[in-house]
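Trainee: I would like the atomic coordinates for the input below:
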Amino acid sequence: MDDIVQLKYALDTFYFLVCAVLVMWMACGFAMLEAGLVRTKSTTEILAKNIALFAIASIMYLLVGYYIMYSSDGPILPSLGMLIGDENTAAAVMAGGDDAPYYSSRADFFFQIVFAGACMSIVSGAVAERMKLWAFLLFAVIMTGFIYPTQGAWSWGGGWLSEIGYSDYAGSGIVHMAGATAALAGVILLGPRKGKYGPNGQINAIPGCNLALSTLGIFILWMGWFGFNGGSELKISDIESANNVAQVMVNTNLAAAGGLIGAMIVSRLLFGKTDLTMLLNGALAGLVSITADPLSPNAFSAMLIGAVGGVIVVFSVLALDRVKIDDPAGAISAHGSAGIWGVLAVPLTNTEATFGGQLLGVLAIFAWVFIASLIIWSTIKMVMGIRISAEEEYEGVDISECGMEAYPEFTSSK
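Mentor: The predicted structure follows:
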């Protein structure tokens, strides 16, 4: 019997860690997606933001974030040992019973870190090409250390949202809508890129520099999402959990496919062309949509949920442009609008969830993240400014913020 328990512990821990690595790989997906959707003169800076924010998220989640999200008493800055949790001893595991979490607490900690990083990655693309790098990084400190884990504690940490029945399996609202909401607050204060909107209301397209990179980014995100959703089952060492993981991964894949096809059809009908950027964000919207509950639906229902998300993201991108909210990566639409849909769609296939509970969760998370982010963004704006000058924007944020270009052979800032 002892050997069986130890085997379960080792298997669940290993599975947890592999899923965490897949989610960490999504950081590369976000970086590639955003690097392809900005102009050549903004590529170095967007890459610097994505790799730096992951490092910041890792450290801030260690210092305070994990503790805020999953602990309700004690000092604000506990010791390192307290933060990562006392490791499960053999005796504690043996005595835990059939429902005990047979995995390392440090594996859980690592899994939660990469979720915090993913949330912050969403902000990066929305504020691209005109924000000061260090203003963004300062916001990342607050977002990953305090804003994200506070609302996460309301649900995943056993707080009041979980008590009223709010259901969010892997974070359509907790991770994705939260990141999009923080981005929205920043974009409103930041304003659009120069030349994006004309004086007579026209919307000028600003094409990205490398759609091959963006497509690679979506493939990486699609792959990483199997860890994002699959790992949220938390274990795989019994028949029920193993079957659940298989269902989650099937549904995750079908939702992405449905989202892409939905966006592809709508963009063709609206524009008369097959817009690749809409296809990419459609797949992303499908993934976000199913993340709130990738377990309850059957595969066909998951595909439909994703397809609706793909349709929503197209209209959301167009709507935001009409109100002059400039989001170069479409992140607010793909993660915010689709995230709201994903949370509200849970009761359609999960009888334990209620529309009222889901709606209250959406409103609470949005209100907290938007107000807190607006305060932080405004404070940063007053203290050090958040936007580069018009001259620096014309020259390129790569030169003004990083002092180097990603494509020196093809650009000239001299």
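Trainee: going forward, measure contacts between C-alpha atoms and count neighbours the same way
Mentor: OK.
Trainee: how about the strands in the stretch 51-200 of the chain?
Mentor: Shown for the stretch 51-200 of the chain, no strands are assigned by DSSP state E, counting those that start in this stretch.
Trainee: export stretch 160-174 to PDB, keeping only CA atoms.
Mentor: Extracted C-alpha coordinates of stretch 160-174, given in PDB (Å, rounded to 0.1, in the frame of the first residue of the first chain):
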ATOM      1  CA  TRP A 160     -16.300  34.600  -0.900                       C
ATOM      2  CA  LEU A 161     -16.700  34.000  -4.600                       C
ATOM      3  CA  SER A 162     -16.200  30.300  -4.200                       C
ATOM      4  CA  GLU A 163     -18.700  30.300  -1.300                       C
ATOM      5  CA  ILE A 164     -21.400  31.700  -3.600                       C
ATOM      6  CA  GLY A 165     -20.700  29.100  -6.200                       C
ATOM      7  CA  TYR A 166     -18.600  31.000  -8.800                       C
ATOM      8  CA  SER A 167     -17.000  28.400 -11.000                       C
ATOM      9  CA  ASP A 168     -13.900  29.000 -13.100                       C
ATOM     10  CA  TYR A 169     -12.000  25.800 -13.700                       C
ATOM     11  CA  ALA A 170      -8.800  27.200 -15.100                       C
ATOM     12  CA  GLY A 171      -9.300  30.900 -15.200                       C
ATOM     13  CA  SER A 172     -11.300  32.500 -18.000                       C
ATOM     14  CA  GLY A 173     -12.200  35.200 -15.600                       C
ATOM     15  CA  ILE A 174      -9.500  34.900 -12.900                       C
END
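Trainee: what does that stretch contact?
Mentor: By CA atoms under 8 Å, 6 or more residues apart in numbering, the surrounding residues in contact with stretch 160-174 are 148, 151-152, 154-156, 228-229, 232, 288-294, 335, 339-340, 342-343, 346, 353-354, 357-358, 360-362, 365.
Trainee: can you flag the buried ones in those?
Mentor: 148, 151-152, 154-156, 228-229, 232, 288-294, 335, 339-340, 342-343, 346, 353-354, 357-358, 361-362, 365 (16 or more other CA atoms under 10 Å).
Trainee: just the ones of those residues in helices?
Mentor: Counting by DSSP state H, the part of the buried ones among the contacts of stretch 160-174 found in helices is 148, 151-152, 154-155, 228-229, 288-291, 339-340, 342-343, 346, 357-358, 361-362, 365.
Trainee: phi, psi of Tyr169?
Mentor: phi -50, psi -50 (degrees, to the nearest 10).
Trainee: OK, contacts around Cys403?
Mentor: Residue 403: Gly, not Cys. So, once contact is read as CA under 8 Å, 6+ apart, Gly403 ends up touching nothing.
Trainee: how much space between it and Gly396?
Mentor: As judged by CA to CA, to the nearest Å, Gly403 and Gly396 stand 10 Å apart.
Trainee: ok, now Asp326?
Mentor: 17 Å.
Trainee: more crowded one of these two?
Mentor: Gly396 (27 against 24; other CA atoms under 10 Å).
Trainee: nearest residue to the more buried one other than its sequence neighbours?
Mentor: Distances taken as CA to CA, 6 or more residues apart in numbering put Lys41 closest to Gly396, at 4.7 Å, once the chain neighbours are dropped.
Trainee: likewise for Gly198?
Mentor: Asn204 (7.1 Å).
Trainee: with Ile142 instead?
Mentor: Ile376 (7.9 Å).
Trainee: next up, identify which helix or strand the one you found is on.
Mentor: Element membership for Ile376 (DSSP states H and E) is helix 355-383.
Trainee: packing partners for the longest helix along the chain?
Mentor: The helix that spans the most residues within the chain, counting by DSSP H, is helix 2-37. With contacts taken as 3 or more CA pairs under 8 Å, 6 or more residues apart in numbering; DSSP states H and E, helix 2-37 sits against helix 43-60, helix 90-94, helix 105-126, helix 211-230.
Trainee: now with 10 Å?
Mentor: Identification of packing neighbours for helix 2-37 by 3 or more CA pairs under 10 Å, 6 or more residues apart in numbering; DSSP states H and E yields helix 43-60, helix 90-94, helix 105-126, helix 211-230, helix 276-291.
Trainee: give me the angle between that helix and helix 211-230.
Mentor: Following axes from the mean of the first three to the mean of the last three CA atoms, to 10 degrees, one obtains 150 degrees for the angle between helix 2-37 and helix 211-230.
Trainee: got the angle for helix 2-37 vs helix 276-291?
Mentor: 150 degrees.
Trainee: which of the residues in helix 2-37 are buried?
Mentor: So for helix 2-37, counting by 16+ other CA under 10 Å, buried means 5-6, 8-37.
Trainee: quick one: low-confidence parts of the stretch 1-150 of the chain?
Mentor: The stretch 1-150 of the chain contains residues with pLDDT under 70 at 1, 72-103.
Trainee: now with 50?
Mentor: 73-82, 89-95 (pLDDT under 50).
Trainee: returning to what we had before: is it true that the residue nearest to Gly396 touches Asn210?
Mentor: No. Using CA atoms under 10 Å, Lys41 is not in contact with Asn210, being 11.9 Å away.
Trainee: so for those two, which sits in the more crowded spot?
Mentor: Each of Lys41 and Asn210 has its neighbours counted (other CA under 10 Å); Lys41 has more, 25 against 18.
Trainee: would you put the C-alpha positions of stretch 136-152 in CSV?
Mentor: Only the C-alpha atoms of stretch 136-152 are listed here, as CSV (Å, rounded to 0.1, in the frame of the first residue of the first chain):
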residue,chain,number,x,y,z
PHE,A,136,5.1,48.8,-17.6
LEU,A,137,7.5,46.8,-15.4
LEU,A,138,6.6,48.8,-12.3
PHE,A,139,2.9,48.0,-13.0
ALA,A,140,3.9,44.3,-13.4
VAL,A,141,5.2,44.3,-9.8
ILE,A,142,1.9,45.5,-8.4
MET,A,143,-0.3,43.4,-10.8
THR,A,144,1.4,40.0,-10.1
GLY,A,145,2.2,40.7,-6.4
PHE,A,146,-1.1,42.2,-5.3
ILE,A,147,-3.9,42.9,-7.8
TYR,A,148,-4.1,39.4,-9.5
PRO,A,149,-3.7,37.3,-6.3
THR,A,150,-6.3,39.3,-4.3
GLN,A,151,-9.1,38.5,-6.7
GLY,A,152,-7.7,35.0,-7.1
